[in-house]
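1. coords please:
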Amino acid sequence: MTTVFIISAPSGSGKSTLVNGARARVKGLQFSISYTTRPPRGSEVNGREYFFVTREEFEDMVRRDEFLEHADVFGNYYGTARRFLRTAQHAGEDLLLDIDVQGAAQIKSKIPEAVSIFILPPDRKTLESRLRDRGQDAEEVIERRLATATREIENYGKYDYILVNDRLDESIEALRSILVSERLRRPGAQRSADDSDTLARAERFRLDNVRERVQPILASFVTAAAPGGR
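-> As a prediction, the model looks like this:
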């Protein structure tokens, strides 16, 4: 049985670091490398961070129905190829998707049983600091990413789990617990005493159990977006 895990987060929330950390701790987990029409940044390598293709190539793949999901983000296409799901199913492993809220909605409509996880920064100020510290974007791009983040986090209620990435090691362990706990819920899964702890830890990040913690984070974005908020 293959479980599809969806992970979404505003740009700069540390999603890639969390995903890499969880992949190092969880076996039997395949990762889908997205296709994109944006150019490589820095040391990015084709086939490692993304598959970099032209708009014409991407649109040809769309016409051939080769994507599970695809979206236009900041003027560039991003998409998840169907072949990654087939490969995971044939291997009897789970599939981890690193996609935005548009793609997540498409996947959930096609695979309702997919498990969705939304990663939040501790607050808007922290996100802005992270975006500036990585030194990749011009000022107008940073402002656009922050505005997009404000819209994206409004979708948090559509996700099964919410992680606030304030302490990296703890966040990686939380993500590991969620991935493992979903496997333990499968029919016939054997559980140990340690597994009970994993299940309990994962439950702390269920949407209904984190709503109160999320409210100040949401407020920090709403306040900044309001007239005179900055």
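
2. where do the strands sit along the protein?
-> Taking DSSP state E as the test, the strands found in the chain are 4-8, 29-31, 35-36, 51-52, 67-73, 76-81, 94-98, 115-120, 161-164.

3. so can I have CSV of the ones you listed showing distance to Ala200?
-> Quick note: C-beta positions are derived from backbone N, CA and C, even for glycine. Listed next are the strands of the chain as CSV, based on distance: least, C-beta to C-beta, whole Å:
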stretch, distance to Ala200
strand 4-8, 20
strand 29-31, 22
strand 35-36, 38
strand 51-52, 39
strand 67-73, 32
strand 76-81, 32
strand 94-98, 21
strand 115-120, 17
strand 161-164, 14
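
4. check the gap between Leu179 and Asp160 for me.
-> Distance, Leu179 to Asp160, by C-beta to C-beta, to the nearest Å: 12 Å.

5. same check, this time on Pro10
-> On the measure of C-beta to C-beta, Pro10 and Asp160 end up 18 Å apart.

6. ok, those two, which is more surrounded?
-> Pro10 (25 against 17; other C-beta atoms under 10 Å).

7. which residues touch that one?
-> Leu120, Pro121, Leu127, Arg145, Thr148, Ala149, Glu152, Ile153 (C-beta atoms under 8 Å, 6 or more residues apart in numbering).

8. backbone dihedrals for the second one, please?
-> Taking degrees, to the nearest 10, you get phi -80, psi 160 for the backbone angles of Pro121.

9. which residues touch it?
-> Pro10, Gly12, Ser13, Gly14, Leu127, Arg130, Ala149, Val164, Asn165, Asp166, Ile217.

10. okay, now the unreliable bits of the chain?
-> 224-230 (pLDDT under 70).

11. how deep is Lys158 tucked in, by neighbour count?
-> Lys158: 14 surrounding residues under other C-beta under 10 Å.

12. so it sits against Ile107, correct?
-> No. Counting by C-beta atoms under 8 Å, Lys158 does not reach Ile107; the two are 11.5 Å apart.

13. now the helices: where do they sit in this protein?
-> 15-25, 55-63, 83-91, 101-110, 124-133, 139-153, 168-184, 193-203, 207-225 (DSSP state H).

14. summarise which helices and strands the first one is packed against.
-> Here helix 15-25 touches strand 4-8, strand 29-31, strand 94-98, helix 168-184, going by 3 or more C-beta pairs under 8 Å, 6 or more residues apart in numbering; DSSP states H and E.

15. recalculate using a threshold of 10 Å.
-> Applying 3 or more C-beta pairs under 10 Å, 6 or more residues apart in numbering; DSSP states H and E, one finds that helix 15-25 contacts strand 4-8, strand 29-31, strand 94-98, strand 115-120, helix 168-184.
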